[in-house]
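J.: structure, please.
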Amino acid sequence: MNPTPSSSNIVTIDTAALTYNYRIVSSSLPSGVELLAMVKGDGYGHGMVESARAFAKAGCHLFGVAEACEGVWLRQAGVEGEIFVMVGFQPDAVEYFFTSNLTPVVFSADAVELLSKTAVRLGREITLHLKIDTGMSRLGVMPGEVATFAELIENLPGIRLGGLLSHFPEADNVDSPNTINAFRVYSEACRSIETQFSGIRHIANSGAVLNFPETLCDMGRAGIALYGYSPSGQWQHGKVGDTYLKPAMSFTTRIAKVKEVATGVGISYGHSYVTTRPTRLAVLPVGYEDGYSRLLSNRGEILVHGKRVPILGRVCMNLCMVDITDIEGVQAGDEAVLLGEQGDEKITADDIAAWAETISYEVLCMLGNNNQRKFI
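T.: Here you go, the predicted structure:
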């Protein structure tokens with residue numbers, strides 16, 4: 001039997017770039033400060049297991065995921081080190097923290113008590129980290145509740161408080177005073193139990209690691225920076241010192257058809273674009289099913305023969321059209337680059353995000369999780 005044919009649309013992940021980024025970011029930290037690699041969201045679309053392995057190659061032994069199932073998958077893939085589960089857990093998942101050696105981040109009394117009961121029942125002990133809400137209005141106990149939770153944890157068997165953490169809402173903005181204010185609130189909450197707490201403190205995400213090193217405490221938690229992008233959404237900010245980070249993902253396809261249409265011809269659904277001259281089109285087998293957003297209709301650009309060409313009309317489920325009128329020699333089967341470099345030009349996830357009115361994080365997750373991935 002012949003092998004299953006592969007898709008024309010391929011996301012390529014450069015694992016050497018992931019290793020490089022981790023080394024660059026971790027080497028910029030003060031002595032004694034460790035770096036945790038966030039690999040949630042299937043490694044921001046880059047592949048969770050492959051990303052963790054690439055970071056481990058650079059010396060990483062601390063990883064962050066969203067859910068317990070992700071931590072279990074990492075363990076099943078042979079990933080060692082400490083794995084933090086950041087967004088809580090359902091009661092039926094509690095035993096996995098013990099069987100897979102995962103570190104829970106908690107923000108409710110119910111979770112604390114269930115971990116204690118399970119630890120006693122299994123004859124085990126587990127270290128947990130308590131999350132504080134310092135302005136995200138998301139997960140976390142309020143700063144004034146930290147002492148109460150610390151006492152609860154101290155008085156329950158089988159558990160110990162190993163860390164206090166929080167998360168910055170505006171660390172991507174170097175001009176915002178919010179980060180320093182939130183760090184002050186966090187620091188005061190930590191000091192409220194300093195006589196009974198000997199664990200680690202961590203609050204700095206990618207934005208803070210890059211822009212606010214004074215907030216690093218004992219550990220930084222980097223996400224988007226390790227995949228080659230700045231959380232600010234500006235390419236020129238994606239560097240550590242004078243060294244630029246390396247985007248690890250590219251996305252390419254092959255032109256399905258080249259065709260010519262006359263002046264005044266509508267393109268794609270709804271005829272949202274009508275040609276103003278005789279136009280040569282390249283039809284690409286890429287659409288919103290592939291994570292290439294419909295918001296890129298009449299906005300996005302793609303590289304063909306090393307030149308930027310605009311998308312004409314609406315992006316369809318599996319197809320989109322670009323204007324190649326001014327490029328000679330384009331044929332069906334030629335490569336088109338939706339994300340990455342071709343010749344002297346490049347299109348970044350920040351470019352795509354700006355056209356689609358979103359952020360690079362979403363672009364990478366959508367493209368990486370909706371296409372065949374190749375790791376190099």
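J.: going forward, measure contacts between C-alpha atoms and count neighbours the same way
T.: Will do.
J.: can you map out the strands along the stretch 51-200 of the chain?
T.: 62-65, 82-85, 103-106, 126-131, 159-165, 200-202 (DSSP state E, counting those that start in this stretch).
J.: and Gly264, which of those is closest to it?
T.: Closest to Gly264 of those is strand 62-65 (CA to CA; 51.4 Å).
J.: give me the residues contacting that closest one.
T.: 35-41, 52, 71, 81-86, 221 (CA atoms under 8 Å, 6 or more residues apart in numbering).
J.: how about the contacts made by His43?
T.: No His there; residue 43 is Gly. Applying CA under 8 Å, 6+ apart, we find Gly43 in contact with 49, 51-52.
J.: turn these into TSV, columns for distance to Ile203 and pLDDT.
T.: Compiled in TSV, the contacts of Gly43 are given as follows (distance: CA to CA, whole Å; pLDDT from 0 to 100):
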residue	distance to Ile203	pLDDT
Val49	24	98
Ser51	22	98
Ala52	21	98
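J.: so which of the residues you listed belong to helices?
T.: When DSSP state H is applied, the contacts of Gly43 are split such that 49, 51-52 fall in helices.
J.: returning to that earlier point: quick one: which of the contacts of Gly43 is most hemmed in?
T.: Highest neighbour count within these, by other CA atoms under 10 Å: Ala52, with 29 neighbours.
J.: how near is that one to Ser27?
T.: Distance from Ala52 to Ser27, counting by CA to CA, to the nearest Å: 18 Å.
J.: repeat for Ala336
T.: Going from Ala336 to Ser27 by CA to CA gives 36 Å.
J.: next one: Ser176
T.: Ser176 is 26 Å from Ser27, by CA to CA.
J.: more neighbours: which of these two?
T.: Ser27 (14 against 11).
J.: what's the spacing between the more buried one and Gly59?
T.: Counting by CA to CA, the gap from Ser27 to Gly59 is 11 Å.
J.: again, but for Asp175
T.: According to CA to CA, Asp175 stands 32 Å off from Gly59.
J.: who has more neighbours out of those two?
T.: For Asp175 versus Gly59, neighbours defined as other CA under 10 Å are more numerous around Gly59 (14 against 10).
J.: quick check: Ala332 is in a strand.
T.: No - with DSSP: H, G, I helix; E, B strand; the rest coil as the criterion, Ala332 is assigned coil and is not in a strand.
J.: wait, isn't it in contact with Leu281?
T.: No - Ala332 is beyond contact range of Leu281, at 10.8 Å (criterion: CA atoms under 8 Å).
J.: overlap of the contact sets of the two?
T.: Joint contacts of Ala332 and Leu281 (CA under 8 Å, 6+ apart) are Val258.
J.: of the two, give the one with the bigger neighbour count.
T.: When neighbours are counted by other CA under 10 Å, Ala332 and Leu281 differ, and Leu281 comes out ahead with 21 against 14.
J.: who's in contact with whatever helix or strand that one lives in?
T.: Element membership of Leu281 [criterion: DSSP states H and E] is strand 279-284. For strand 279-284, the external contacting residues (CA under 8 Å, 6+ apart) are 253-263, 319-325, 332.
J.: from these, which ones fall inside helices?
T.: Among these, no member falls in helices (DSSP H).
J.: and the contacts of stretch 177-184?
T.: Contacts of stretch 177-184 (CA under 8 Å, 6+ apart): 134-135, 168-171, 215.
J.: who wins for neighbours among the residues you listed?
T.: Using other CA under 10 Å as the neighbour criterion, Thr134 leads the contacts of stretch 177-184 with 27 neighbours.
J.: roughly how far apart are Glu82 and Gly140?
T.: 21 Å.
J.: my error: substitute Ser176 in the last question.
T.: 22 Å.
J.: now the element after the lowest-mean-pLDDT helix or strand in the chain, going C-ward?
T.: None of the helices or strands of the chain scores lower by mean pLDDT, DSSP states H and E than strand 239-240, at a mean of 72. The helix or strand immediately downstream of strand 239-240 is strand 243-244, counting by DSSP H and E.
J.: could you give the mean pLDDT of that next one?
T.: On average, the pLDDT along strand 243-244 is 86.
J.: then stretch 144-160?
T.: Mean predicted confidence for stretch 144-160 is 97.
J.: and for stretch 299-306?
T.: Averaging pLDDT along stretch 299-306 yields 98.
J.: now what about that stretch, what contacts it?
T.: Contacts of stretch 299-306 (CA under 8 Å, 6+ apart): 308-311, 322, 324, 327, 330, 334-339, 341-347, 352, 355-356.
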